[in-house]
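1. Predicted coordinates and the sequence they were generated for:
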Amino acid sequence: MPNINDIAPDFTLNNQEGTPVSLKDYKGKKVVLYFYPKDQTPGCIKEACSFRDNMETFQNKNTIVLGVSIDSEKSHQNFINKQSLNFTLLSDPEKVLAQAYGVWGEKKMYGRTYMGIFRKTFLIDEKGIITKIYDKVNVTNHAIDIINDWSL
């Protein structure tokens with residue numbers, strides 16, 4: 001898993017429209033790369049809507065928001081349409097990016113053990129360096145927390 005001050009691992013994944021997106025496409029911009037477990041689940045909806053509702057602040061500060069889950073492009077399209085999301089979602093069905101960023105692993109819920117994505121966010125500066133990692137996320141206020149922490 002990458003750490004603060006590491007160069008962020010580059011990637012190329014398809015967005016919700018099936019268009020390849022690479023981290024290098026955003027050199028010179030700040031990037032919020034957030035991993036979430038599943039489209040259209042309560043916590044993921046709250047987190048995504050937190051970004052949606054604060055997108056103007058991110059855009060005004062030269063910052064891109066990229067959400068990543070293992071859901072399909074079609075699932076992402078439905079999530080975007082249903083929640084009126086105004087940022088890019090990346091599909092990682094092979095878990096390549098999730099593994100590169102150390103967010104894929106064993107989870108436990110209701111006494112059940114399963115493999116899944118850990119909710120985690122990486123802030124990447126204009127030079128591609130990781131400047132902050134959020135291991136614990138308050139889904140309702142996540143975007144505000146980032147704005148406050150990153151002085152956006």
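-> Happy to help now that I have it.

2. wait, what's in contact with the residue nearest to the spatial centre of the chain?
-> The centroid of the chain falls nearest to Tyr34 when counting by CA atoms, centre = their mean (1.9 Å). Contacts for Tyr34 (CB atoms under 8 Å, 6 or more residues apart in numbering) come out as 47, 51, 65-68, 119-122, 137, 142. In short, each C-beta sits where N, CA and C put it, glycine included.

3. Same question for Lys107.
-> Applying CB under 8 Å, 6+ apart, the residues contacting Lys107 are 113-116, 118.

4. Report the buried residues of stretch 50-57.
-> By 16 or more other CB atoms under 10 Å, the buried positions in stretch 50-57 come out as 50-52, 54.

5. Can you tell me which of those is closest to Ser151?
-> Asn54 (14.2 Å; CB to CB).

6. what about the protein, any weak spots by pLDDT?
-> Residue ranges of the chain with pLDDT under 70: 152.

7. Centroid-wise, who is the farthest residue in it?
-> Distance to the chain centre peaks in the chain at Gly111, reaching 26.9 Å (criterion: CA atoms, centre = their mean).

8. Let's have the buried residues of stretch 50-57 in JSON lines, adding secondary structure and distance to Lys132.
-> As requested, those are exported to JSON lines (DSSP: H, G, I helix; E, B strand; the rest coil; distance: CB to CB, whole Å):
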{"residue": "Ser50", "secondary structure": "helix", "distance to Lys132": "17"}
{"residue": "Phe51", "secondary structure": "helix", "distance to Lys132": "16"}
{"residue": "Arg52", "secondary structure": "helix", "distance to Lys132": "21"}
{"residue": "Asn54", "secondary structure": "coil", "distance to Lys132": "17"}
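
9. Report the contact partners of the residue lying closest to Lys27 once chain neighbours are set aside.
-> Closest residue in space to Lys27, ignoring its immediate chain neighbours: Gly128 at 6.5 Å, by CB to CB, 6 or more residues apart in numbering. Neighbour list for Gly128: 7-8, 10, 23-24, 27 [criterion: CB under 8 Å, 6+ apart].
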